[in-house]
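**Student:** Dropping the sequence and predicted coords here.
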Amino acid sequence: MSSSAQGFRKATLAEFHAMLAASSSERLAAQIRRFMSFDHWIAFDAAVHHGDLELAGSLQAPAYCTLIDGQLDVAGNLDLRNPGIEEGGLFIVLGNVTCNRLIGEYGKCVFIDGDVEAREAIITGFHDSSLVVCGGLSTRLFIGCDIAAEVGDGAVMDFGVGTCVPLGGFEVSGHKVAPLNDEAATARAVWPEPKQEGYLFDAEQFVARIDAGLPILR
């Protein structure tokens with residue numbers, strides 16, 4: 001494996017699987033088994049980080065497929081978009097995740113073997129993507145927009161659109177969690193203008209403001 005920024009190392013398919021098998025919980029392993037094989041993605045481009053990772057700034061996903069074997073604490077944005085690649089990929093953290101904003105990606109599968117706390121926002125409403133959190137989820141603003149997050153230990157979202165469902169997805173019986181405030185209240189709490197049809201907001205409205213350095217919450 002070759003070294004890369006912030007302690008990440010490029011990994012082979014075998015190295016990626018070995019680290020995942022050694023440190024993931026059975027709860028997480030069971031969730032990953034529900035999905036297609038990610039082997040062709042991992043073999044294409046993968047990076048791993050051993051141990052806890054704490055960053056004073058933001059973190060851009062360092063590879064198409066990323067595995068962090070520990071806790072992840074990011075003071076700024078946790079941005080899972082793929083520079084130069086349109087969609088897809090894998091992001092796994094074998095511990096708790098804290099960040100200011102979590103920004104997903106089209107077609108990207110995200111697995112967290114612990115809790116997720118995003119102080120300002122979780123923006124995960126991207127087609128064909130998934131967010132599976134074995135622990136609990138908390139954030140001020142949740143933009144799911146037809147892409148529900150799956151959570152093992154419940155969720156608290158102050159504002160937003162979309163829902164969190166139990167591990168296993170919509171076909172599993174269990175309590176579905178919506179933001180504490182409805183879409184109308186969310187419209188008063190955020191900067192993007194509501195749309196006229198369907199959900200009042202979509203993920204790209206918020207990402208565009210973030211990329212421009214503009215606030216998303218009033």
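**Tutor:** Cool, got the structure.
**Student:** from the middle of its chain, how far away would stretch 19-30 be?
**Tutor:** Taking CA atoms, centre = their mean, to the nearest Å, one finds the center of stretch 19-30 at 18 Å from the center of the full chain.
**Student:** Could you list the residues in contact with that stretch?
**Tutor:** 11, 32, 48, 50, 67, 69, 92, 94, 111, 113, 134, 152, 167 (CB atoms under 8 Å, 6 or more residues apart in numbering). Every residue, glycine included, has its C-beta placed from N, CA and C.
**Student:** Quick check: the gap between the first one and A29.
**Tutor:** According to CB to CB, to the nearest Å, A11 and A29 sit 18 Å apart.
**Student:** If you count surrounding residues, which of the two has more?
**Tutor:** A direct count of neighbours by other CB atoms under 10 Å for A11 and A29 places A11 higher, at 23 against 13.
**Student:** how about that one, what does it touch?
**Tutor:** 1, 19, 42, 46-48, 67.
**Student:** average pLDDT for stretch 100-108?
**Tutor:** Mean per-residue pLDDT for stretch 100-108: 97.
**Student:** List the buried residues of it.
**Tutor:** 101-105, 107-108 (16 or more other CB atoms under 10 Å).
**Student:** Next: stretch 66-76.
**Tutor:** Those would be 66-74, for stretch 66-76 by 16+ other CB under 10 Å.
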